[in-house]
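Q: Have a look at this fold, sequence not included:
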């Protein structure tokens, strides 16, 4: 009785490779691999002849295989970002050799794990605090390894990152005196809180990255050369390469995309949700078999149904999403539709696997091995 | 290189049984098993001598073991609710013998899976549509099994459920004529959209359940006896037993609880998040190593830090939560605190395992086997 042994979560009633998309069980997370290749080709082309390269963010993909695809396509530093040690572990185990952890790792248990990882790959971590630098040096010494250090600079997130040039220089000087850590550069990450046109986007990009570059100048004038200036995000992918001094961009969203970044015309949405209509209480209302458990943070006007532009998001529950239209909706109970998500990070992190689709045929079931790597 | 083989997501640096809570890796989902027992005892006591019993909702727990604990403690129908066939599969595989699927199952692949499951347990499903009834009967006949049918009644969710008594009676008459399905009763589920005092809560409970009972009366007056009236939710747990005719309550939230239902004094919050302070940019601001990926839909004023009532939620990102206070916060970088979540359903569904805690000691790592059972 008291037995939790699991059965397969994904009973493969209709999930054999070669199955047509309309025969797949729902809800499902689909990934159109041709669109991913096209998005990756856009980056490879954009960064082919620039000093600045892409360092793709692994948190948007959670799968080493998809990260390696961009490295193989080109335009990158041959490495990626990871948000956490646990994510980095998954990525190194999947073949990534160069990782920037874009966060602070402050507890001894995680610093130890990071040090162990540094024997398998080039590991760099962001710091914003003197005590943290001392602890990393101490543990790295004990474990006989070297950790690359970048200083995180606060530019617009009001979250982590040093706030003053003076404090940043104090950190660099401390790094210089301590063993088993190496100063590699600086990092800042930005958000575009709401797109208000191309001028607003480019101004936000320039202003925030310029703030980061001021720190570069000040640190170098103290005699500490900077190898890496890691700054920017998908929304600055075309601005960063034009700002001398930026060596890499931490782009994530561009790979799979969502409607929230639809103003970027070089990229298309690759990740979609296949869902079944399970209720049609009246001709202008449909209810889908997907809700916020498997489509988190999608509950707003940016969620769209493919090929049904006049059907609008109405409401979302745990297992249901309601759409309405001002006219009769031309689909019935049992029909399947694809939803176009607004944003992929939390979406990907709720799924255990991608259904990889090519020409609307299932060609691979790809485990999302970085999902749920919370601690 | 191109290898996605996973390593353990939960590197057990400090997760041996017997570890003290403050030594566990963060963020972690803790479950205080004494509080669960106490919440279960409250239900067992409340429903000991009532005709109405609890049918606990499995979607709030996602683990058969925790569902079986309530059945063993008492006060229940000896069965549970599941939101989906996939959830029901996990629950049956974990030893549950009586399941009400509180949703419509409309596609042939899932109806087939439900029929297979009905050979292992007493399976009932909710319908609100004539076509769906025909399809279930047809497939159940082919697979030589019988499915119990409840008619879902719309009472306040404006989602699924029949809207008129006339249509409900049409469905009952159809069920009566078709093979391999059996009319068992009616079901309605309600939400309390915002707690506005005890009178508002009890009025909402009575009004919505009364609407369901009107359908019961009308269907019975047509000569169709009703075995099950499944209605209500945690917020009606004390109202439903006083309404003659209601046979069971679909309570979920009470088991693990959250601050959103803190007005219910019979239950305490059993699920908490252990997190580390990773930044303290100024004395009145702290940043924790948990964000909305592992604590979805918690980003509002109801998220609290245990024992620090004056520290208030400020903002949430994917991997970070910021709290502020009007005075200096008496904890530093590296310290661990417990967060009290507002609501547990989406939270539980983002985690692969509970750290079961008793007297602040890890006594079990319990896999959340129903997590991610989306299709």
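A: Now that the structure is in, tell me what you want to look at. Given the structure is predicted, the values throughout are model-derived calculations rather than measurements.
Q: Tell me the buried residues in stretch A:190-208?
A: A:190, A:192, A:201, A:204-206, A:208 (16 or more other C-beta atoms under 10 Å in any protein chain shown). In this view, the C-beta of every residue, glycine as well, is placed from N, C-alpha and C.
Q: close to chain B, is the top helix by length along chain A?
A: Secondary structure assigned by DSSP state H gives helix A:198-221 as the longest helix of chain A. No. Among the residues of helix A:198-221, none lie within reach of chain B under C-beta under 8 Å from any C-beta of the partner chain; the closest is 15.9 Å away.
Q: outside of that helix, which residues touch it?
A: A:151, A:153, A:155-156, A:162, A:165, A:168-169, A:172, A:186-188, A:190, A:192, A:195, A:226, A:229, A:231-232, A:235-236, A:239-240, A:243, A:245-246, A:263 (C-beta atoms under 8 Å, 6 or more residues apart in numbering or on different chains).
Q: OK, contacts around the closest residue to chain B within the stretch 201-350 of chain A?
A: Residue nearest to chain B within the stretch 201-350 of chain A: residue A:294 (4.4 Å; C-beta to the nearest C-beta). Neighbouring residues of residue A:294 by C-beta under 8 Å, 6+ apart: A:27, A:29, A:273, A:350-351, B:372, B:374.
Q: Just after the helix or strand hosting residue A:67, pick out the following helix or strand.
A: When elements are assigned from DSSP states H and E, residue A:67 belongs to helix A:64-73. Where DSSP H and E defines the elements, the next helix or strand beyond helix A:64-73 is strand A:76-82.
Q: Strands along the stretch 251-375 of chain A, start to end?
A: All strands of the stretch 251-375 of chain A, identified by DSSP state E, counting those that start in this stretch, fall at A:271-282, A:285-288, A:304-305, A:312-316, A:321-324, A:336-340, A:353-358, A:361-367.
Q: Point out the most buried one among those strands.
A: strand A:285-288 (a mean of 24; mean count of other C-beta atoms under 10 Å in any protein chain shown).
Q: by contact count, what packs against it?
A: When contacts are defined as 3 or more C-beta pairs under 8 Å, 6 or more residues apart in numbering or on different chains; DSSP states H and E, strand A:285-288 sits against strand A:271-282, strand A:321-324.
Q: what residues does the stretch 251-375 of chain A put near chain B?
A: For the stretch 251-375 of chain A, the contact set with chain B under C-beta under 8 Å from any C-beta comprises A:276, A:278-279, A:281, A:287, A:290, A:292-294, A:296-297, A:315, A:317-320, A:322, A:333-334, A:345-346, A:349-352, A:366-367, A:369, A:372-375.
Q: and the nearest residue in space to residue A:119 that is not next to it in sequence, which of the three is it?
A: Leaving out its chain neighbours, the residue that sits closest to residue A:119 by C-beta to C-beta, 6 or more residues apart in numbering or on different chains is residue A:145, at 5.8 Å. At residue A:145, secondary structure determined by DSSP: H, G, I helix; E, B strand; the rest coil is coil.
Q: which residues does residue A:145 contact?
A: Counted by C-beta under 8 Å, 6+ apart, residue A:145 has contacts A:115-116, A:118-119, A:180.
Q: Identify, from these, the entry nearest to residue A:66.
A: Closest approach to residue A:66 among the contacts of residue A:145 (C-beta to C-beta): residue A:118, at 23.6 Å.
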